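**Student:** coords please:
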Amino acid sequence: MKTERITSGGERMLLENMLDRNREVLIDTARGLSETDARRRLVPSLTTPISLLKHAAGAERIWFQRFWAGLAESECDGYSRRDEGTFAVSDDESLADVIAEFERASRRSREIAARFDLDDTLDIPGEGKVSMRWTLLAMIEEFARHAGHGDILREQIQRNSAHAYPNSSASPISNPSGPRT
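**Tutor:** So this is what the prediction gives:
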């Protein structure tokens, strides 16, 4: 289900809508890839289409479950350390599993965020004092950046694996020469 784009309204509604849309776009960069293509390493880092989703689920848990809800690492519903481990995908995890994990973490983040006003703040070691508004904006930035990475990876995969994409409409890149809607 696609989140309808909202272009006017209250600040919180706009922030949450933009965050949800960026979550969906990030998922779309990997959805429909084969398991092999989802794990294909095209850059020296750990960045693959599936690892971007795994990392995004970790970011959700770190910011909303650990920081805002104050949960211990053991109480979170998955990996929640601020390190490269957020990109680690085990061999027995499918793309569908990792998408579902990100969607679960996102739902839980929405529930946690709803408990706070945009101006509520907390002190985070290494970050300082941050507001819920700033956290939502940081997640929008994070997921938009990673969706861009995912688009580029998918483009490279499609170019190198034409057999996996016989119908170009399967790509989340709806119009490479214009803005994404």
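
**Student:** now the helices for this structure?
**Tutor:** In the chain, the segments counted as helices under DSSP state H are 11-30, 35-38, 49-60, 95-113, 132-160.

**Student:** neighbouring contacts of stretch 83-101?
**Tutor:** Applying CB atoms under 8 Å, 6 or more residues apart in numbering, the contact partners of stretch 83-101 are 27, 30-31, 33, 35, 38-39, 46-55, 57-59, 62, 78-79. In short, each C-beta sits where N, CA and C put it, glycine included.

**Student:** give me that answer again for 6 Å
**Tutor:** Under the contact criterion CB atoms under 6 Å, 6 or more residues apart in numbering, stretch 83-101 has outside partners 27, 38, 46, 50-51, 53-55, 57-58, 79.

**Student:** most tightly surrounded among the helices of the chain?
**Tutor:** Counting by mean count of other CB atoms under 10 Å, helix 49-60 has the highest mean neighbour count of the helices of the chain, with a mean of 25.

**Student:** of all the contacts of stretch 83-101, which comes closest to Arg110?
**Tutor:** The nearest member of the contacts of stretch 83-101 to Arg110, counting by CB to CB, is Ala57 at 13.7 Å.

**Student:** residues touching the closest one, list them.
**Tutor:** Neighbouring residues of Ala57 by CB under 6 Å, 6+ apart: 101-102, 105.

**Student:** check what pLDDT it gets.
**Tutor:** Ala57 carries a pLDDT value of 96.

**Student:** which residues touch the residue nearest to the spatial centre of the chain?
**Tutor:** Closest to where the C-alpha atoms of the chain average out (CA atoms, centre = their mean) is Ala56, at 3.8 Å. Ala56 makes contact with 26, 102 under the criterion CB under 6 Å, 6+ apart.

**Student:** how does it look with 10 Å?
**Tutor:** Taking CB atoms under 10 Å, 6 or more residues apart in numbering, we find Ala56 in contact with 22-23, 26-27, 86, 98, 101-102, 105-106, 139, 142-143, 146-147, 150.

**Student:** hang on, the earlier thing: need the helices of the chain in JSON lines with distance to Lys2, can you?
**Tutor:** Below are the helices of the chain laid out as JSON lines (distance: least, CB to CB, whole Å):
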{"stretch": "helix 11-30", "distance to Lys2": "6"}
{"stretch": "helix 35-38", "distance to Lys2": "21"}
{"stretch": "helix 49-60", "distance to Lys2": "17"}
{"stretch": "helix 95-113", "distance to Lys2": "14"}
{"stretch": "helix 132-160", "distance to Lys2": "14"}
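
**Student:** for these, which one sits closest to Thr121?
**Tutor:** Nearest to Thr121, of all those, is helix 132-160, at 7.8 Å by CB to CB.
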